[in-house]
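S.K.: Kindly return the folded structure for what I paste below:
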Amino acid sequence: MNKFKKIDREMFNKFIPFYLLAVVMLWLKTYISQKTQFKLDVDGFLQEFLLLINPLGSALLLLSLSFFFKGTRKYFSLLLIYTLMTILLYANAVYYRFFSDFITLPTLFQTQNFGDLGGSVMTLIQPWDVLFFVDVIFLAVLIFSKRFKKDKTNFRTKVVLPMITAALAISFLNLAMAEGDRPQLLTRGFDRSYIVKYLGMYNYALYDTVESLKSSSQRVMADSDDVTEILNYTKSNYASPNEEYFGAAEGMNVVYLHLESFQSFLMNYELNGEEVTPFLNSMIEEKNTLYFDNFFHQTAQGKTSDAEFMLENSLFGLPKGSAYITKGQNTYQAAPAILKDKGYESAVFHGNNATFWNRSEIYKSFGFDNFFDIESYTNLEEGDMAEYGVMDKPFFDQSMDILKTLPEPFYTKFITVAHHFPYDIDQELTTIGKGTTGDKSVDNYFQTARYADEAIKQFFTDLEESGLADNTMIVMYGDHYGISDNHNKAMEQVLGKEITPVENTNLQRVPLFIHVPGMEGGINHTFGGQIDLLPTLMHLLGIETQDYLHFGTDLLSDEHKELVTFRNGDYASPEIYSIGEVFYDPKTGLPLDESKQAQAEELQNQGNMKLQLSDEIVNGDLLRFYTPEGFTPIDSADYNYQTDLNEEE
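M.R.: Residues are numbered from 1 along each chain as shown. Presented below is the predicted three-dimensional model:
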């Protein structure tokens with residue numbers, strides 16, 4: 001009897017109600033946040049129920065760790081765990097407001113970018129965000145209050161064990177029910193929103209950590225045999241060049257113009273009766289320019305760096321984080337390295353810090369001969385700087401002076417920054433009014449787009465005056481969306497129609513212009529994505545790509561398969577869109593007819609295979625085991641951009 005009374009007193013110790021109070025507060029806060037801050041597309045009673053209970057198991061389990069601390073330290077440990085879980089929740093809420101995605105472990109290694117992101121992050125913080133921390137403050141006040149007598153009892157394992165068991169039971173029940181509604185939930189993890197919807201924010205963080213560690217170990221386990229299957233796949237999916245276009249730009253200089261945050265809806269769009277991008281609109285009709293109106297970005301968390309990664313390598317960006325950050329030391333067979341063997345000098349121009357997105361390191365692995373960063377732009381005046389570097393007009397103006405000194409033929413890339421979220425610009429530099437949706441980002445978007453359009457026109461004029469235009473191919477591409485789907489309400493006003501799942505996918509179109517002097521231009525309706533740029537470029541230059549491990553195919557080839565696979569596993573094709581595991585007819589916007597389900601699933605499998613094999617190359621660093629005939633491998637130790645820049649100064 002005495003033993004029973006002793007356990008009874010322990011079970012109802014004052015710390016337990018305090019712990020349960022913390023669990024309930026964290027549970028409800030997380031549920032409300034998941035319900036209101038993230039677009040999880042919850043459908044039906046079961047998914048609603050899972051969204052409700054999935055924070056409970058995590059809260060019970062993680063906060064129960066405080067029971068293992070002695071004396072009053074268990075209160076402080078509980079507060080610490082509670083605070084860290086709140087910070088994780090809030091950080092994801094802020095991150096999601098712009099990226100429409102969740103933080104992953106690799107993104108936490110991108111801290112070198114944070115210093116350049118300050119202003120953009122501040123625009124995402126809302127006054128009511130303080131509500132995320134009200135409960136943290138409440139618990140802290142209780143704990144540190146002199147009136148609150150903290151229990152010093154040390155709990156035994158037999159008391160803590162039932163709580164941990166209950167937490168695990170809830171979590172496993174959650175997982176079982178989730179697997180029942182979406183089989184292979186954890187093995188088909190291309191789309192993180194499903195993990196959060198079914199398992200909750202904290203279980204997602206655990207899942208992400210495990211997956212990140214697994215991908216990191218792939219390089220250690222990889223060997224040359226892993227290349228064989230991938231080589232067979234890429235050869236069997238190779239698209240031979242179109243004879244009409246093969247070699248159309250042979251021997252020419254190459255200029256890539258990176259159109260920051262440009263989406264295709266801007267083309268020929270009029271704001272209050274005025275063209276937003278008059279110069280780019282004129283290029284659509286230019287006789288030597290091909291314009292692709294069904295070209296999509298395929299970026300994920302790496303955003304701009306993902307776009308660069310794909311166009312240089314025809315490999316997909318990683319599902320989490322950025323390959324520029326985590327795979328900068330890999331072996332690559334990128335465009336500048338391929339062209340080096342053809343006598344090309346290569347260079348990147350970017351008016352931002354060299355270390356942003358780890359460019360100063362990964363460009364060496366790509367084989368870029370020169371990297372002209374912010375240190376190269378010395379004649380700047382007040383107002384010439386944007387948040388992410390040099391404004392486009394002075395950037396192009398000073399870059400042209402450097403470009404004219406490069407030996408020909410050259411392969412170059414110009415990364416613009418003025419048209420970047422949050423689209424702030426000195427009103428004295430604007431030549432068009434703002435939008436009137438009431439959404440600041442959307443309304444400002446048109447002014448920075450016009451400024452960028454004017455800067456591009458200036459570049460074309462300067463290139464003509466320099467004498468380089470007649471022997472230069474210019475490729476202009478949008479890198480990723482500028483307006484995320486979090487702004488779809490405002491975008492409905494802009495477009496004058498409802499943003500359905502199909503229309504939201506259509507908004508992922510970005511411009512692609514390929515201008516080649518002497519080549520017949522026109523509007524090309526082929527479906528394609530950034531993964532296809534490298535083989536398209538090489539074939540225009542008269543360079544065969546059959547022996548390279550590329551996952552894109554020549555957009556101009558009759559054998560090009562019009563399947564655009566997105567990083568989350570969705571896809572777009574002329575007849576079928578796959579969006580959140582629902583298949584749609586893109587012409588009607590309605591779910592696909594049952595008779596085409598088998599075809600839709602086959603396209604899904606093809607896309608998933610490409611993603612899987614590309615990830616194996618990048619995570620396993622497999623290109624170190626394979627060298628195409630005629631290709632000279634790159635040694636990144638041969639490059640030192642800082643030394644080169646100092647010598648030029």
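S.K.: for the residue lying closest to N174 once chain neighbours are set aside, what are its contacts?
M.R.: Of all residues not flanking N174 in the chain, N54 sits nearest, at 5.3 Å (Cβ to Cβ, 6 or more residues apart in numbering). Yep, even glycine has a C-beta here, placed from its N, CA and C like the rest. Contacts for N54 (Cβ atoms under 8 Å, 6 or more residues apart in numbering) come out as N174, Y198, L199, G200, N203.
S.K.: who are the neighbours in contact with the fourth one?
M.R.: Yep, that's G200 we're talking about. So G200 contacts T30, Q34, L51, N54, P55, G57, S58, N174 (Cβ under 8 Å, 6+ apart).
S.K.: Just give me the closest of those to N268.
M.R.: Q34 (39.6 Å; Cβ to Cβ).
S.K.: before we move on, back to that, looking at the contacts of N54, state which has the most neighbours.
M.R.: Ranked by neighbour count (other Cβ atoms under 10 Å), these have G200 at the top, with 28 neighbours.
S.K.: Distance of the closest residue to that one other than its chain neighbours relative to T436?
M.R.: Closest residue to G200 apart from its sequence neighbours, by Cβ to Cβ, 6+ apart: N54 at 3.3 Å. Counting by Cβ to Cβ, to the nearest Å, the gap between N54 and T436 amounts to 40 Å.
S.K.: can you check F144 too?
M.R.: 50 Å.
S.K.: How about K393?
M.R.: Counting by Cβ to Cβ - K393 and T436 are separated by 26 Å.
S.K.: next one: K150
M.R.: 57 Å.
S.K.: With neighbour numbers in mind, choose between those two.
M.R.: The neighbour comparison of K150 against T436 (other Cβ under 10 Å) goes to K150, with 17 against 13.
S.K.: Name the SS class of that one, please.
M.R.: Look at K150: counting by DSSP: H, G, I helix; E, B strand; the rest coil, its state is coil.
S.K.: in stretch 534-550, what's buried?
M.R.: For stretch 534-550, the buried set under the neighbour-count rule, 16 or more other Cβ atoms under 10 Å, comprises 534-543, 545, 547-550.
S.K.: how about the helices of the stretch 301-450 of the chain, start to end?
M.R.: Using DSSP state H, counting those that start in this stretch, the helices found in the stretch 301-450 of the chain span residues 304-313, 323-326, 335-340, 359-366, 392-403, 440-466.
S.K.: for these, which one sits closest to N288?
M.R.: Minimum separation from N288 across these (Cβ to Cβ) falls at helix 440-466, 12.0 Å.
S.K.: Kindly export the next helix or strand after the closest one (C-alpha atoms) in CSV.
M.R.: Using DSSP states H and E, the helix or strand that follows helix 440-466 in sequence is strand 472-478. In CSV, the C-alpha atoms belonging to strand 472-478 read as follows (Å, rounded to 0.1, in the frame of the first residue of the first chain):
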residue,chain,number,x,y,z
THR,A,472,27.5,36.0,-80.9
MET,A,473,24.7,33.7,-80.0
ILE,A,474,22.5,35.1,-77.1
VAL,A,475,20.4,32.9,-74.9
MET,A,476,18.0,34.6,-72.5
TYR,A,477,16.3,32.4,-69.9
GLY,A,478,14.1,33.0,-66.8
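S.K.: So what are the sheet partners of strand 472-478 and their directions?
M.R.: Strand 472-478 has the following strand partners under DSSP bridges: strand 253-259 (parallel), strand 512-515 (antiparallel).
S.K.: Now do stretch 563-579: distance from first to last residue.
M.R.: Start-to-end span of stretch 563-579 (Cα to Cα, to the nearest Å) is 14 Å.
S.K.: same thing with stretch 149-157?
M.R.: 24 Å.
S.K.: What's the mean pLDDT across that stretch?
M.R.: In this model, stretch 149-157 carries a mean pLDDT of 75.
S.K.: repeat for stretch 560-578
M.R.: 97.
S.K.: in it, what counts as buried?
M.R.: 560, 563-573, 576-578.
S.K.: Ok, stretch 515-523 next?
M.R.: The neighbour-count check on stretch 515-523 (16+ other Cβ under 10 Å) flags H515, V516, M519, G521 as buried.
S.K.: Would you report the backbone torsion angles of the third one?
M.R.: Per-residue torsions, M519: phi -90, psi 140 (degrees, to the nearest 10).
S.K.: Find the nearest non-adjacent residue to it, please.
M.R.: A248 (4.6 Å).
S.K.: and the one you found, what element?
M.R.: Here A248 is assigned to no helix or strand, by DSSP H and E.
S.K.: Tell me if I'm right that it and V516 touch.
M.R.: Yes. Contact between A248 and V516 holds when scored by Cβ atoms under 8 Å: they sit 5.4 Å apart.
S.K.: Residues that sit against both of the two, list them.
M.R.: L540.
S.K.: Could you check how far S614 is from Q530?
M.R.: In terms of Cβ to Cβ, S614 sits 13 Å off from Q530.
S.K.: Neighbour count for these two, which is higher?
M.R.: Under the criterion of other Cβ under 10 Å, the comparison of S614 against Q530 puts Q530 first, with 28 against 24.
S.K.: ok, how many other residues are close to Q298?
M.R.: So Q298, with other Cβ under 10 Å, has 26 neighbours.
S.K.: quick one: secondary structure of it?
M.R.: Per three-state DSSP, Q298 ends up coil.
S.K.: Now that we're looking at it, what pLDDT does it have?
M.R.: The model's pLDDT for Q298 equals 98.
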